[in-house]
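J.: predicted model and sequence below, questions to follow.
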Amino acid sequence: LRDLFVPLRVVRDFKREDPILIQGFPDEFRKMQKILIVDNAGMGKSTLSKSMFLDVVERNLAIPVFVELRKLGSSHRILDEICEKLNSVSEPISRDFVLNMIQTGHFVFFLDGFYEISLNDREIVTRDLHDFFEKALSNLFIMTSRQEDALKAFGDFARYSITPLTKTEAFELIRKYDMCAGSWQAPLAEGLI
């Protein structure tokens, strides 16, 4: 991810602010509780979230949890997924312990791909998310999605969109992909991968 990532700019919808260059987890986001990044397919929402996640880990800013929202449904709720993510290799962590940890407010929850939630489960997952947000108020939440009418339910989120890459940035991204692809070709040719 670090080899391929080209920093992106996000701009707050309905505000006349300068775009924020996302090279890690931005200080501006640390001042907010709920952030929604909405844009079209292929703009880099998931990659951006993963890059911010890594920066939170590397700088020890908080405890990051990355949740793919498409995994949630009526039988697998947000807390189920978080507990699964935080379980140790040898034994599961108790749900009460996870809830107590969340109450400390030291978490950043990256909630990726709202648009990928099954339409059959969308209403129940939305209610479950709101319930979770209310109970975990002292944490940060960053959610990504393509544009959906259902996002109106998250009107209390600061909404951002990704600005298109400049021509120079687009060429830089292509160059990085070419370099990375070249580094994989030799091991592939030798049958190592």
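T.: Yep, that arrived.
J.: check what pLDDT Arg2 gets.
T.: Per-residue pLDDT puts Arg2 at 59.
J.: make that Tyr115, sorry
T.: Value listed for Tyr115 in the pLDDT field: 93.
J.: what of Phe5?
T.: Confidence score, pLDDT, at Phe5: 61.
J.: now Glu190
T.: For Glu190, pLDDT reads 49.
J.: same question, Arg159
T.: At Arg159, pLDDT is 92.
J.: show me the shaky parts of the protein.
T.: Applying pLDDT under 70 to the chain flags residues 1-7, 14, 16, 42, 164-167, 169-174, 176-193.
J.: can you rerun that using 50?
T.: For the chain, the stretches flagged by pLDDT under 50 are 184-193.
J.: which stretches of it form helices?
T.: For the chain, the helices defined by DSSP state H cover 27-30, 45-58, 78-86, 95-103, 122-135, 167-189.
J.: out of those, flag the one nearest Leu36.
T.: helix 45-58 (10.4 Å; Cβ to Cβ). Every residue, glycine included, has its C-beta placed from N, CA and C.
J.: run the chain-centre distance for that closest one.
T.: Its chain's C-alpha centre and that of helix 45-58 lie 7 Å apart, by Cα atoms, centre = their mean, to the nearest Å.
J.: same question for stretch 74-83.
T.: 17 Å.
J.: out of the helices of the chain, flag the one nearest Leu69.
T.: helix 122-135 (7.1 Å).
J.: in TSV: the helices of the chain, plus distance to Ala150 and mean neighbour count.
T.: Below are those laid out as TSV (distance: least, Cβ to Cβ, whole Å; neighbours: other Cβ atoms under 10 Å):
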stretch	distance to Ala150	mean neighbour count
helix 27-30	23	14
helix 45-58	16	19
helix 78-86	16	17
helix 95-103	25	14
helix 122-135	6	16
helix 167-189	31	11
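J.: can you add distance to Arg70 and give those helices back as CSV?
T.: Output for the helices of the chain, formatted as CSV (distance: least, Cβ to Cβ, whole Å):
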stretch, distance to Arg70
helix 27-30, 23
helix 45-58, 11
helix 78-86, 11
helix 95-103, 21
helix 122-135, 10
helix 167-189, 25
